[in-house]
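Engineer: everything below, folded, please.
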Amino acid sequence: MKTINDSKIIMTELVLPNHTNQLGHLLGGQLMLWIDICAALAAGKHCESVCVTASVDKIDFHHPIKLGEVVTLEASVNRVFSTSLEIGVKIFAHSFASPEKTHTNSAYLTFVKIDKDGNPVPAPKIIPETEEEKRRYEEAGLRREQRLKNRLK
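Structural biologist: Numbers count the residues shown, from 1 in each chain. So this is what the prediction gives:
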């Protein structure tokens, strides 16, 4: 078993002109790419193995991210089920002119640990330690129930 802190990944990106739309805001698709990479790194770090994206549950866009801002993505495992694991990603933006960070986005993704032949294999269990980790662990279970209900429709 591992702790949630063992899986944590922090990734930093600079918003350049080729990442933006006509308004000078970060493209949603570019942010989704960074989210997927950061989440994949957290899943792989936890499993010490290749993990593949099974689903993107939810991405909330709270605030636009502007050209020239620094984007910090923080990903960690929320919960492990059998072969799948939910990764939570929080996204923050700030400019060099101000140290204040703005929480701009949140996302939940499901990854599956696979072997060299591409078959799902059991992922190491996780131990939530802090109250925040325990809350995220419980909420991940509720989201999984909802995902499974939606999959059967």
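Engineer: now do the helices in the chain.
Structural biologist: Using DSSP state H, the helices of the chain run over 28-47, 131-151.
Engineer: contacts for the shortest one, please.
Structural biologist: The list of residues contacting helix 28-47 from outside it, by C-beta atoms under 8 Å, 6 or more residues apart in numbering, reads 2, 6-9, 11, 13, 19, 50-53, 56, 59, 61, 65, 71, 73-77, 80, 85, 87, 89, 91, 105, 107, 109, 111, 113, 123-124, 126. Any C-beta I mention is one placed from the backbone N, CA and C, and that applies to glycine too.
Engineer: returning to that earlier point: nearest to Ser98, of the helices of the chain?
Structural biologist: helix 28-47 (20.5 Å; C-beta to C-beta).
Engineer: would you mind writing the CA trace of that closest one as PDB?
Structural biologist: Taking Å, rounded to 0.1, in the frame of the first residue of the first chain, the C-alpha atoms of helix 28-47 are listed here in PDB:
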ATOM      1  CA  GLY A  28      -9.500  24.400 -23.400                       C
ATOM      2  CA  GLY A  29      -8.000  21.600 -25.500                       C
ATOM      3  CA  GLN A  30      -4.400  22.600 -24.600                       C
ATOM      4  CA  LEU A  31      -5.400  22.600 -20.900                       C
ATOM      5  CA  MET A  32      -7.000  19.100 -21.300                       C
ATOM      6  CA  LEU A  33      -3.800  17.800 -22.900                       C
ATOM      7  CA  TRP A  34      -1.700  19.100 -19.900                       C
ATOM      8  CA  ILE A  35      -4.300  17.700 -17.500                       C
ATOM      9  CA  ASP A  36      -4.100  14.200 -19.100                       C
ATOM     10  CA  ILE A  37      -0.300  14.200 -19.000                       C
ATOM     11  CA  CYS A  38      -0.200  15.300 -15.400                       C
ATOM     12  CA  ALA A  39      -2.800  12.700 -14.400                       C
ATOM     13  CA  ALA A  40      -1.000  10.000 -16.300                       C
ATOM     14  CA  LEU A  41       2.200  10.800 -14.500                       C
ATOM     15  CA  ALA A  42       0.500  10.600 -11.100                       C
ATOM     16  CA  ALA A  43      -1.100   7.200 -12.100                       C
ATOM     17  CA  GLY A  44       2.100   5.900 -13.400                       C
ATOM     18  CA  LYS A  45       4.100   7.000 -10.400                       C
ATOM     19  CA  HIS A  46       1.600   5.300  -8.100                       C
ATOM     20  CA  CYS A  47       1.500   2.100 -10.000                       C
END
